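[1] let's see this in three dimensions:
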Amino acid sequence: MLTFLNEIDTNLFLFFNSLHHPNLDPIMLAISYNKYLMLLLLGTFIFLGFYEFRKKFIIPLIFVILSFGLSDLISTRVFKNPIKRLRPCHNQELSQKVHLAGKKCWGGKYGFVSSHASNSFALVFIFWLFVKRRRKLISAFFVYAGLVAYSRVYLARHYPGDIFFGALLGLLISYLMYRLYLKLEKTY
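    A predicted model of the protein is given here:
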């Protein structure tokens, strides 16, 4: 069964990775590695969160930081290092079929689950949960998270399965952090 799922994941990866164009390479690199985009996202949340919560904003901000930190920690320590699934760009069987924008395979050797997908979906989802008055605006940031996730396949850093489970992990962590926040808010 795992061999069958891995074969599907590899075929999906090869399809999506083949949809490349030289003009898209720098854009995908920027989406995937430009920290200023993530800072813009965080800045927007701080602005909107302060607008929504006023003086009580520090507590939601702590939960946002916890969600991001746990997402990054769990995706790396619990999944990547123990599972040791090679990134597509490190897989010798795929080396002749893979499009590498930038011609390098940045990041660690292992890719399951995608920390980029986990972190971006964790941030966007917890923002969405906290900022109720501007949900339509925050919903647009899911496009950003989706682009980050797709860029990881485009750049041959992850298989689609890495992305799917990374995004799922980020969503789950944010949901649990938000539930904890609500429980603490009700108690105190």
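[2] show me the residue sitting in the middle of the protein in space.
    Ala117 (1.7 Å; Cα atoms, centre = their mean).
[3] is it correct that that one is in contact with Pro160?
    No. Using Cβ atoms under 8 Å, Ala117 is not in contact with Pro160, being 10.1 Å away. In short, each C-beta sits where N, CA and C put it, glycine included.
[4] run the chain-centre distance for the longest helix along the chain.
    Criterion DSSP state H: the longest helix present in the chain is helix 160-187. A distance of 13 Å separates the C-alpha centroid of helix 160-187 from that of its chain, computed with Cα atoms, centre = their mean, to the nearest Å.
[5] same check, this time on stretch 109-128
    Computed by Cα atoms, centre = their mean, the chain-centroid distance of stretch 109-128 equals 2 Å.
[6] and that stretch, which residues are buried?
    In terms of neighbour count (16 or more other Cβ atoms under 10 Å), stretch 109-128 has its buried residues at 110-128.
[7] which members of these occur in strands, if any?
    Applying DSSP state E to these, no entry is found in strands.
[8] just the helices in this protein please.
    Shown for the chain, the helices assigned by DSSP H span residues 2-17, 25-33, 35-53, 58-73, 81-83, 115-130, 135-154, 160-187.
[9] out of those, deepest packed?
    Among the helices of the chain, helix 115-130 has the highest mean neighbour count (mean count of other Cβ atoms under 10 Å), at a mean of 26.
[10] which strands and helices sit next to that helix?
    Secondary structure elements in contact with helix 115-130, counted by 3 or more Cβ pairs under 8 Å, 6 or more residues apart in numbering; DSSP states H and E, are helix 35-53, helix 58-73, helix 135-154, helix 160-187.
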